[in-house]
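> okay, sequence plus prediction incoming.
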Amino acid sequence: MKKQILDRYTLTRDNEFIIDIAAGKVEDLFNDFDKYAPYRKKELDQDLVDYIIDSVREIGKEDFVIQFRFTSNVDERLESRVRESVQNYFLYLKDLKLRVLSGMTRTSLILFSIGVLILFLSVWINQKAEGFETVFTHVFAEGLTVAAWVSLWNALATFLINWAPHHRQIKRFERISRAPMYFHSDAQERQ
């Protein structure tokens, strides 16, 4: 299956997969709502971002390049701005994911600490209640034990289950930001 997916991509002479992006002009790569912002501050079109991310996900750990094809002429200045915009945007996405990961880690540590604290409280109540055992103290101590394990489980599950996908996305955004970019113009090829 992986080979069938990879067969959809052409390769460079150095066996790097080419993520081919076609657009009429440079402006087509960016959202319309910030059309007066300088290129380095513009937000990339979400369809373009999704396409690049999906392509890199399909390619996996293989090397790749991003190739832009325009129907109009593009000078070196615009190429440089597009290159900078793509790099900055994916570094921005990486930074957002790092913040999410940091918040998730902080939440896991807080839940873990609360769980350990409640577990110690539960053990302490069980030890102190020896000889005074009433239904209320027994139910309260068992309730604390359950609450402690729930808190500990949430902390570990949040960290162990959710950490890996965020980490993969961070690495993917980093790879995209460092990817070589090439530019072609149909107008230049016709001349």
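Yep, it's here. Numbers count the residues shown, from 1 in each chain.

> what sits against the residue nearest the centre of the chain?
Nearest to the geometric centre of the chain sits Q169, at 3.0 Å (CA atoms, centre = their mean). Contact partners of Q169, counting by CB atoms under 8 Å, 6 or more residues apart in numbering, are K97. Backbone N, C-alpha and C define where each C-beta goes, glycine included.

> tell me the SS of it?
Classification of Q169 using DSSP: H, G, I helix; E, B strand; the rest coil returns helix.

> tell me the confidence at it?
On pLDDT, Q169 comes in at 95.

> T12 versus that one, what's the distance?
25 Å (CB to CB, to the nearest Å).

> hmm, back to that, how near is the residue nearest to the centre of the chain to V49?
12 Å.

> for S55, same thing?
On the measure of CB to CB, S55 and V49 end up 11 Å apart.

> cool, and S122?
From S122 to V49 the distance is 48 Å (CB to CB).

> again with L78
Using CB to CB, L78 is found at 19 Å from V49.

> cool, and L98?
18 Å.

> any idea what sits nearest I59, other than its immediate chain neighbours?
Closest residue in space to I59, ignoring its immediate chain neighbours: F17 at 5.0 Å, by CB to CB, 6 or more residues apart in numbering.

> which residue ranges of the protein form strands?
For the chain, applying DSSP state E gives strands covering 17-23, 64-70, 181-185.

> what packs against whichever helix in the chain runs longest?
Secondary structure of the chain per DSSP state H: the longest helix is helix 76-128. Packed against helix 76-128 by the contact rule (3 or more CB pairs under 8 Å, 6 or more residues apart in numbering; DSSP states H and E) you find helix 135-178, strand 181-185.

> parallel or antiparallel, which strands does the last one pair with?
Yep, that's strand 181-185 we're talking about. In the sheet, strand 181-185 lines up against strand 64-70 (parallel) (DSSP bridges).

> now do the partner strand against helix 76-128, angle only.
Strand 64-70 runs at 140 degrees relative to helix 76-128, counting by axes from the mean of the first three to the mean of the last three CA atoms, to 10 degrees.

> many thanks, I have nothing further to ask.
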